[in-house]
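1. Below: sequence and its predicted model.
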Amino acid sequence: MTAVVLEALPRRGTPLSRLADEDLELLLLIRHFEQTLLALFAEGLLSGTTHTCLGQEYVPVALRPLLRARDFVFSNHRGHGHYLARFGDPHGLLAEIMGREGAVCNGVGGSQHILRDRHTSTGVQGESLPVATGVALRLKRSEPGNLAAVYVGDGTWGEGAVYEALNIAALWELPLLVVVEHNGIAQSTLTRLQMAGSIAGRASAFGVRHVRIDAVDVNKIRSRLAPLVAALRERPAPLVVEFATQRLGPHSKGDDTRDPELLAAAREADWQPRYAAAFPEQFARIDKRQQRRVETVVREVTDRPPATWEDACRAPSE
Ligand SMILES: Cc1ncc(C[n+]2csc(CCOP(=O)(O)OP(=O)(O)O)c2C)c(N)n1
Ligand SMILES: [Mg+2]
C-alpha cells in the first residue's frame, strides 16, 4: 500500500535550489493566504466552501513565467494558487470569497468560480477540458502561439469528457496544455482504489505526449518544461504534464479521513520545511513579510462593505 501511495508523492531527498525572491514571495503568499482561509472558516467568518492547494503551491508558481497573458487558463475547485500565481491579487480573491467590495466577480463566484480576463475556474470536475479544447481550436486558427492550459486533478480522469477532449485535441493538433495535479486522492477516495492503469497510459492511448514531474524545485521544473511549452506554441499538439504532488490539507475544510501515516508522508514531501532548512535567512525574511501581508489583506477586506451585484462578472477582454 505504501509503495502505491508514495507513487503519487514528489521525490524527496534531492537538494532544492535557491529560488528568486519573487518566486518564494509567491509560494509563501499562497501558503499564508490559504492557511488563513482555513482559520477564518474555523472562526465562522467565511461561508460556502473552499479547497486549498497547500503543498501544491509550487505547481502554478513554476508555470507562472511559462504562461502568457494572452493564454487562456482553466482552473478548478482548488484554484486559489492558480489565480494568485497569475494575478498576484490577494485582495480581489479574498474579497470574492468574503463577498466584499473589490471582489473579482462581485462576490458572485466565490472560491471556485472565478472569471478574470483569460482566466476562469469551475467547481465542476472535467467541465473545463472540452471547453479548453474548443478555445485551443480558436487560438490555433486566429492567434497562433497562444495556448489553452487546464488544471485538473487525478480524480478528474474519471470523467468521460476528459477523453473526448483529448481525442479531439490530438486529432486536430491543438495547443492544449493539460496540467495534472496528481495528489493521489479525490475527496476521500485514494486514487489507487479507483484508477486502473495510469495517466501516462491514458494519454498515450490518444497519442498525446505525457511528461511526469516528481520534483518540487521550481527552478528545475521550469527548465524542464520551458522547451516543451515553447514547442507546443510553435507546433501545436496537446501535452499532458503530470505533477506527482501532495495535498497537505483537508479536501475542503476539516474533511480529512486519511491515515496518519499518509498525512505524515505528505508532510515529509512538502517543499516548505525543506526549503526553510536549506535557505533559512531568505525563508524567514520572506515568510514573515508574506504572513504580515496576508494579515493586512484580511484586515482591509474584512472592513469593506459587501460586494454589490450591479456589475456582472467581468467578461474576458478580447
Ligand atoms: C462532476 C463533479 N462530480 C463530483 C464533484 C465533487 N467533487 C469536488 S472535488 C472532487 C474530487 C476531485 O479530485 P481530483 O480531481 O483528484 O482533485 P483534487 O481535489 O485532489 O485536487 C469531487 C468528487 C464535482 N465537483 N464535480
Ligand atoms: Mg486529487
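-> Thanks, I have it. Ligands and ions are numbered 1, 2, ... in the order given.
2. pLDDT below threshold where in this structure?
-> Counting by pLDDT under 70, the ranges of the chain that qualify are 1-7, 311-318.
3. which residue sits closest to the most centrally placed residue in it, ignoring its sequence neighbours?
-> For the chain, residue 82 is the residue whose C-alpha lies nearest the centre (C-alpha atoms, centre = their mean; 4.5 Å). Nearest-residue entry for residue 82: residue 75, 4.1 Å, with adjacent residues in sequence omitted and distances by C-beta to C-beta, 6 or more residues apart in numbering. From N, CA and C alone the C-beta is placed, and that goes for glycine too.
4. Report the beta-bridge partners for the one you found.
-> Residue 75 has these beta-bridge partners by DSSP bridges: residue 121.
5. State the number of residues packed around it.
-> Counted with other C-beta atoms under 10 Å, residues neighbouring residue 75 total 26.
6. In the stretch 101-250 of the chain, what residue comes closest to ligand 1?
-> Distances between the stretch 101-250 of the chain and ligand 1 by C-beta to the nearest ligand atom are smallest at residue 153, namely 2.1 Å.
7. can you give me the helices in the stretch 101-250 of the chain?
-> Along the stretch 101-250 of the chain, counting by DSSP state H, counting those that start in this stretch, helices occupy 128-142, 160-171, 199-205, 218-234.
8. and the angle from the last one to helix 128-142?
-> With axes from the mean of the first three to the mean of the last three C-alpha atoms, to 10 degrees applied, the angle from helix 218-234 to helix 128-142 works out at 50 degrees.
9. circling back to that earlier point, out of everything not next to it in sequence, what's closest to the residue of the stretch 101-250 of the chain closest to ligand 1?
-> residue 181 (5.6 Å).
10. wait, isn't the one you found in contact with residue 246?
-> No - Residue 181 is beyond contact range of residue 246, at 9.7 Å (criterion: C-beta atoms under 8 Å).
11. tell me, what's touching these two both at once?
-> residue 56 (C-beta atoms under 8 Å, 6 or more residues apart in numbering).
12. Among the two, which residue is more densely surrounded?
-> A side-by-side neighbour count of residue 181 and residue 246, using other C-beta under 10 Å, places residue 246 first with 28 against 25.
13. residues in contact with the closest residue in space to the more buried one that isn't next to it in sequence?
-> Excluding the flanking residues, the one nearest residue 246 by C-beta to C-beta, 6+ apart is residue 266, at 3.9 Å. Residues near residue 266 by C-beta under 8 Å, 6+ apart: 9, 55, 246, 247, 248, 258.
14. Does residue 266 lie in a helix or a strand, and which?
-> Take DSSP states H and E as the rule and residue 266 turns out to sit in helix 260-269.
15. mind listing what's buried in that helix?
-> Within helix 260-269, the residues scored as buried using 16 or more other C-beta atoms under 10 Å are 262, 265, 266, 269.
16. Stretch 41-56 now?
-> Here stretch 41-56 shows 41, 46, 50, 51, 52, 53, 54, 55, 56 as buried, counting by 16+ other C-beta under 10 Å.
17. right, is that stretch up against ligand 2?
-> No - for stretch 41-56, no contact with ligand 2 is found by C-beta under 5 Å from the ion; the gap never falls below 9.5 Å.
18. Run the chain-centre distance for that stretch.
-> Here stretch 41-56 is found 15 Å from its chain centre; the criterion is C-alpha atoms, centre = their mean, to the nearest Å.
19. List the contacts of that stretch.
-> Applying C-beta under 8 Å, 6+ apart, the contact partners of stretch 41-56 are 30-31, 34-35, 37-38, 40, 59-60, 77-82, 97-98, 110-112, 181, 183, 243, 245-254, 266, 269-271, 302.
20. filter the residues you listed by proximity to ligand 1?
-> Contacts with ligand 1 within these, as defined by C-beta under 6 Å from any ligand atom: 77, 78, 181, 183, 247.
21. how about these in a markdown table, adding distance to ligand 2?
-> A markdown table is the format used below for these (distance: C-beta to the ion, whole Å):
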| residue | distance to ligand 2 |
| --- | --- |
| 77 | 10 |
| 78 | 8 |
| 181 | 7 |
| 183 | 4 |
| 247 | 7 |
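22. which of these tops the neighbour count?
-> residue 78 (27 neighbours).
23. and that one, what is it in contact with?
-> 51, 52, 53, 56, 151, 153, 181.
24. now, which of the residues you listed lie within strands?
-> 151, 153, 181 (DSSP state E).
25. what about the first one, neighbour count?
-> Put plainly, it is residue 151. By other C-beta under 10 Å, 28 other residues sit near residue 151.
26. is it true that it touches residue 80?
-> No - contact criterion C-beta under 8 Å: residue 151 and residue 80 do not qualify, at 11.5 Å.
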